[in-house]
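> sharing a sequence plus its predicted fold:
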Amino acid sequence: MAIDLVTRSTWGARAPKGSYSPLSSTRGVKVHYTGGRVDPAIIDDHAKCVAMVKSIQDFHMDGNGWIDIGYSMVVCPHRKVFVGRGAKHVPAANGAGLNSGHYAVLGLVGNAGLVEPTDEILHGILDAIEYLRAEGGAGREIQGHRDGYATDCPGGPLYAWVRRGAPRPGGGDPPPVVPGTPKWPGRLLRFPPVMRGDDVKAWQAQMKLIGFELDADGAYGQRSRDVCKTFQRRVDLPDDGIVGRLTWEASFTAKP
Ligand SMILES: [Zn+2]
Ligand SMILES: [Zn+2]
C-alpha cells in the first residue's frame, strides 16, 4: 500500500517561523509517542487526529519556541502520515545534539488512554520510515527516542516493537509473550460503539472460562467493557475497559 500522506496544507499547518536547517542524510529514524494522554476517540474520528497534530504544533512553536512542529512526520491510527518538517530538514524532537543523526517520527499513542499502537499505526510508522529513506536519505537505523536520551519516550509498547526490529504487522510476527496464547488481533476492543468480530468472541469465551458471567456473542458492548475493567483492576492494568495487547495477553494467561 502506498503511503497515505497528509500534506501540511491538508492538515492546516502554520507556516514555520524560520528556515529549516537542511539535512541530506541521517543514520536512521527515531520513534516517538506523545508522552501524554491520547483520547481513544481519535480512532473513530480522524478530525480529532488533525486537531491533535495542530495542538502539538502550537505547543512546539508557542511553548517550546521552536520554528515548527518538532517531528519530521506524525502517524495516526488511520495509517495516515502527516508531513511535519518533512524530509531533508533537521527535526527538533530528538533532543539537543541528536537531531541531525535521525529523523523523528511520532505515533499518536500516549502514556494514558490510547497506549498501545494498533497495527495501522505501526504500518503508518513504517510507511513514514520508508518515505524518509527514499526522499530524505534516512539510513537503516530504527531507534526509540529513549536511545541516547533520558526519556520514557516512545513508551513501553511502542519501544518493545522497536526493539523487536520494528516488524510489519501480520508478516512473520513474533510469537506472543506467553506461548500458547492467541495472537492479539491488532485492533483495540472497546465500547461504544459495539464492536463485533471473532476476536471479540474469543476474548469473551476466555473471560467466561476464567469465571466471568457474560455471553460470548462476539459483540463488545457495555457488559464486556465492565468485565474488562474488573479484570484489569484484578491484574493491575489501567482500567480503561479497552482490550489492547497487554489486556489481551493477560486475559489468556489468567487462571480461573
Ligand atoms: Zn520522544
Ligand atoms: Zn487519523
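Structure received. Ligands and ions are numbered 1, 2, ... in the order given.

> export the one helix or strand Asp127 maps to as PDB, just CAs?
Using DSSP states H and E, Asp127 sits within helix 119-136. In PDB, the C-alpha atoms belonging to helix 119-136 read as follows (Å, rounded to 0.1, in the frame of the first residue of the first chain):
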ATOM      1  CA  ASP A 119      -1.400  -2.400  13.500                       C
ATOM      2  CA  GLU A 120      -2.500   0.600  11.500                       C
ATOM      3  CA  ILE A 121      -0.200   2.900  13.500                       C
ATOM      4  CA  LEU A 122       2.700   0.500  13.100                       C
ATOM      5  CA  HIS A 123       2.200   0.300   9.400                       C
ATOM      6  CA  GLY A 124       2.000   4.000   9.200                       C
ATOM      7  CA  ILE A 125       5.300   4.500  11.100                       C
ATOM      8  CA  LEU A 126       6.900   2.100   8.700                       C
ATOM      9  CA  ASP A 127       5.400   3.900   5.700                       C
ATOM     10  CA  ALA A 128       6.900   7.100   7.100                       C
ATOM     11  CA  ILE A 129      10.300   5.500   7.600                       C
ATOM     12  CA  GLU A 130      10.300   4.100   4.000                       C
ATOM     13  CA  TYR A 131       9.400   7.600   2.800                       C
ATOM     14  CA  LEU A 132      12.200   9.200   4.700                       C
ATOM     15  CA  ARG A 133      14.600   6.600   3.400                       C
ATOM     16  CA  ALA A 134      13.500   7.300  -0.200                       C
ATOM     17  CA  GLU A 135      13.100  11.100   0.000                       C
ATOM     18  CA  GLY A 136      15.400  12.100   2.800                       C
END
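
> what is the subsequent helix or strand relative to it?
As assigned by DSSP H and E, the chain's next helix or strand after helix 119-136 is strand 138-144.

> just the CA trace of the next helix or strand after that next one, in CSV.
Next along the chain after strand 138-144, taking DSSP H and E as the criterion, comes helix 156-163. Extracted in CSV, the C-alpha atoms of helix 156-163 (Å, rounded to 0.1, in the frame of the first residue of the first chain):
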residue,chain,number,x,y,z
GLY,A,156,6.7,0.6,26.7
PRO,A,157,4.5,-1.0,23.9
LEU,A,158,6.0,1.1,21.1
TYR,A,159,9.5,0.7,22.3
ALA,A,160,9.1,-3.1,22.6
TRP,A,161,8.1,-3.1,18.9
VAL,A,162,11.2,-1.0,18.0
ARG,A,163,13.4,-3.4,20.0
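
> ok, residues contacting the helix or strand just after helix 156-163?
As assigned by DSSP H and E, the chain's next helix or strand after helix 156-163 is strand 195-196. Counting by C-beta atoms under 8 Å, 6 or more residues apart in numbering, strand 195-196 makes contact with 189, 218-220, all of which sit outside it. No exception for glycine: its C-beta is placed from N, CA and C like everyone else's.

> now the closest residue to ligand 2 within the stretch 101-250 of the chain: closest residue in space, sequence neighbours ignored.
For the stretch 101-250 of the chain, the residue closest to ligand 2 is Leu108, as judged by C-beta to the ion, at 7.4 Å. Spatial nearest neighbour of Leu108, excluding adjacent residues (C-beta to C-beta, 6 or more residues apart in numbering): Cys76 at 4.9 Å.

> I'd guessed the one you found sits against Asp127; true?
No - using C-beta atoms under 8 Å, Cys76 makes no contact with Asp127, being 11.6 Å away.

> which one's more surrounded, these two?
Cys76 (26 against 21; other C-beta atoms under 10 Å).

> so that one versus Met52, what's the distance?
Distance, Cys76 to Met52, using C-beta to C-beta, to the nearest Å: 8 Å.

> shared neighbours of the two, which are they?
What both Cys76 and Met52 touch, as defined by C-beta under 8 Å, 6+ apart, is the set 42, 108.

> how many other residues sit next to Leu158?
Neighbour number of Leu158 under other C-beta under 10 Å is 24.

> sorry, wrong one. I was asking about Pro117.
28.
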